[in-house]
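*Asks:* Build me a structure from this.
(one chain, ligands or ions: 1)
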Amino acid sequence: MQSFIPIPRTLMGPGPSDVHPRILTAMAKPTVGHLDPEFIRLMDEIKRLLQTVFQTDNALTLPLSAPGSAGMEASFVNLVEPGDKVIVLQNGVFGGRMAENVERLGGTLVRVESPWGRAIDPAQLEAALKAHPDTKVVAFVHAETSTGVKSDAKTLCAMAQAAGCLTIVDCVTSLVGCEVDVDGWGADAVYSGTQKCLSCAPGLSPFTLSPRAAEVIQSRGTPVKSWFLDMNLIMGYWGEGQTRAYHHTAPVNALYGLHEALLIAVDEGLSASWLRHQRNHEALKAGLEAMGLAFFVPESERLPQLNLVTVPEGVDEAVVRRQLLADFNLEIGAGLGVLAGKVWRIGLMGYASRPENVLLCLSALESVLSASQAPIHRGVAIDAMQAAYSAA
Ligand SMILES: *Cc1c(COP(=O)(O)O)cnc(C)c1O
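*Replies:* Residues are numbered from 1 along each chain as shown. Here you go, the predicted model:
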């Protein structure tokens, strides 16, 4: 055996996305102790930077030392006690995981399903809240990575809040790629991941809790059923203005990476980042449509950072993905759940959302599809892409 030397790939799937070189450099710096005063200073900066990208003043804003799924689990395990009623608005795979969290915690699940590939319908939430006035929590995924769909978080949070409910919002794929406005929405528990539009290495979950949610957690009747994710304990380590107590060893170098990722995002500016994601999406869309490929999601509900493209009739989608990886070192994603075999998921997330990646993806896909005799229009995608960039 020898050192592992990965082949450099271009990551245009549903995550991880290409990690920014500045972040890789940051992660290679010497490890310091997790209670070192210099490291505590870094932790405070990370909290402030996270507040900026989440657009929140929540004091309880920090990265959990585990991937996005831990942010989901932390939200539910802290806010849901046995018997609590939770409405889960589901329009894809990740909403299904939310429902599973509620059931495992002994909560009373009200599952409200929207079709895969469509945004959550606020009218369905309205009806569910009317039918279940005793609901404690409403949970949904802002950017459903399994379907490439964005839901209207602002409207959904406002409806839940008007009914006196707490909200849990999954922003794993949306954060920094499109608008996330925690305080503007009035959302209570919001989590993300580092490996999507933050373009950081996988393994951390940015997390924020409203003062209202923190109060609910502090006044629970039963202890939080997870020791590791119990926010009452985590705050002993991450809390401001108190002596830091050992809870677990922070992933020091991973946090160097997150700090750098957040600096990059804040330096670019949030609205500049959303606009960049939108422009590259428009250019990719123009090229794919010129080739004759179709998008799976209605235009107004699409995520610019994750494009679901219908696999043409007679094409084996897995063969195409394997070929893209083997010939062009390009990774795109497969369909998940009921969409397996039917769609590709092309990510333009964070650092990967760049014109050169759009160009690579369009030309590589055209080359592979042409070689497999797929019914596409050749030689027009790059012009269409160029026209879209010129128009922007
Ligand atoms: C990726 C993702 C997750 C899970 O994040 P991990 O880092 O893989 O644990 C959760 N929700 C959504 C919407 C995601 O896209």
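
*Asks:* who are the neighbours in contact with the residue in the stretch 101-250 of the chain positioned nearest to the ligand?
*Replies:* Evaluated by Cβ to the nearest ligand atom, the stretch 101-250 of the chain has residue 145 as its residue closest to the ligand, separated by 3.1 Å. Every residue, glycine included, has its C-beta placed from N, CA and C. If you count contacts by Cβ atoms under 8 Å, 6 or more residues apart in numbering, residue 145 has them with 14-15, 92-94, 172-173, 196, 306, 345.

*Asks:* Next, work out how far apart the nearest residue to residue 366 once chain neighbours are set aside and residue 329 are.
*Replies:* Nearest residue to residue 366 in three dimensions, chain neighbours excluded: residue 381, at 5.6 Å (Cβ to Cβ, 6 or more residues apart in numbering). Taken as Cβ to Cβ, to the nearest Å, the spacing of residue 381 relative to residue 329 amounts to 20 Å.

*Asks:* Just the buried ones from the contacts of residue 145, in ChimeraX syntax?
*Replies:* Selecting in ChimeraX just the buried members of those, where the criterion is 16 or more other Cβ atoms under 10 Å, is done with this command:
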select :14,15,92,93,94,172,173,196,306,345
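
*Asks:* Near the ligand, which residues of the stretch 1-150 of the chain are found?
*Replies:* Residues of the stretch 1-150 of the chain found near the ligand (Cβ under 6 Å from any ligand atom) are 15, 67-69, 72, 94, 141, 145.

*Asks:* Just the contacts of residue 145: which are in strands?
*Replies:* 306, 345 (DSSP state E).

*Asks:* Reformat the contacts of residue 145 as a markdown table; add distance to residue 315 and pLDDT.
*Replies:* Supplementary listing: the contacts of residue 145 in a markdown table, determined by distance: Cβ to Cβ, whole Å; pLDDT from 0 to 100:
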| residue | distance to residue 315 | pLDDT |
| --- | --- | --- |
| 14 | 20 | 97 |
| 15 | 24 | 95 |
| 92 | 23 | 96 |
| 93 | 23 | 96 |
| 94 | 27 | 97 |
| 172 | 29 | 98 |
| 173 | 26 | 98 |
| 196 | 27 | 98 |
| 306 | 20 | 98 |
| 345 | 15 | 98 |
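
*Asks:* give me the beta-bridge partners of residue 141?
*Replies:* Note on residue 141: beta-bridge partners by DSSP bridges are residue 170.

*Asks:* which residues touch it?
*Replies:* Remark: with contacts taken as Cβ under 8 Å, 6+ apart, residue 141 is in contact with 91-92, 94-95, 98, 151, 169-170.

*Asks:* Let's see that with 7 Å instead.
*Replies:* In this structure, residue 141 makes contact with 92, 94-95, 170, judged by Cβ atoms under 7 Å, 6 or more residues apart in numbering.

*Asks:* Go through these and say which is closest to residue 323.
*Replies:* Taking Cβ to Cβ as the measure, residue 323 lies nearest residue 92 of these, at 27.1 Å.

*Asks:* Phi and psi next, for the closest one.
*Replies:* Note on residue 92: its backbone torsions stand at phi 170, psi -170 [degrees, to the nearest 10].

*Asks:* Between all of the contacts of residue 141, which two are at the greatest distance?
*Replies:* With Cβ to Cβ as the measure, no two of the contacts of residue 141 lie farther apart than 92 and 170, at 10.2 Å.

*Asks:* out of residue 381 and residue 329, which sits in the more crowded spot?
*Replies:* For the pair residue 381 and residue 329, the greater number of neighbours falls to residue 381 (26 against 14), based on other Cβ atoms under 10 Å.

*Asks:* Residue 244 is in contact with residue 35, correct?
*Replies:* Yes: in this structure, residue 35 sits in contact with residue 244. The criterion is Cβ atoms under 7 Å, and the distance is 5.9 Å.

*Asks:* for residue 194, helix, strand, or coil?
*Replies:* coil (DSSP: H, G, I helix; E, B strand; the rest coil).

*Asks:* Give me the pLDDT for it.
*Replies:* In the prediction, the pLDDT value recorded for residue 194 is 98.

*Asks:* buried residues in the host helix or strand of residue 271?
*Replies:* Element membership of residue 271 [criterion: DSSP states H and E] is helix 270-291. Of the residues in helix 270-291, those with enough neighbours to count as buried (16+ other Cβ under 10 Å) are 270, 273-274, 276-291.

*Asks:* So what touches stretch 193-205?
*Replies:* For stretch 193-205, using Cβ under 7 Å, 6+ apart, the contacting residues are 15-20, 23, 27, 63-68, 70-71, 172-173, 175-177, 191-192, 251, 254, 257-258, 261, 265, 305, 349-352.

*Asks:* same thing with stretch 46-59?
*Replies:* Against stretch 46-59 from outside (Cβ under 7 Å, 6+ apart): 61-63, 175-176, 180-184, 190, 206, 208-210, 240, 255, 258-259, 262-263, 265-266, 270.

*Asks:* Likewise for stretch 277-295?
*Replies:* Counting by Cβ under 7 Å, 6+ apart, 177-178, 302, 304-305, 307-310, 312, 346, 348, 353-355, 358, 361-362, 366, 376-377, 380-382, 384-385, 387-389, 392 sit against stretch 277-295.

*Asks:* Which of these fall within strands?
*Replies:* Applying DSSP E to the contacts of stretch 277-295, the entries found in strands are 307-310, 346.

*Asks:* Setting aside sequence neighbours, what's the nearest residue to the residue of the stretch 251-392 of the chain found nearest the ligand?
*Replies:* Residue nearest to the ligand within the stretch 251-392 of the chain (Cβ to the nearest ligand atom): residue 306, separated by 8.3 Å. With sequence-adjacent residues excluded and distances taken as Cβ to Cβ, 6+ apart, residue 306 is closest to residue 148, at 4.6 Å.
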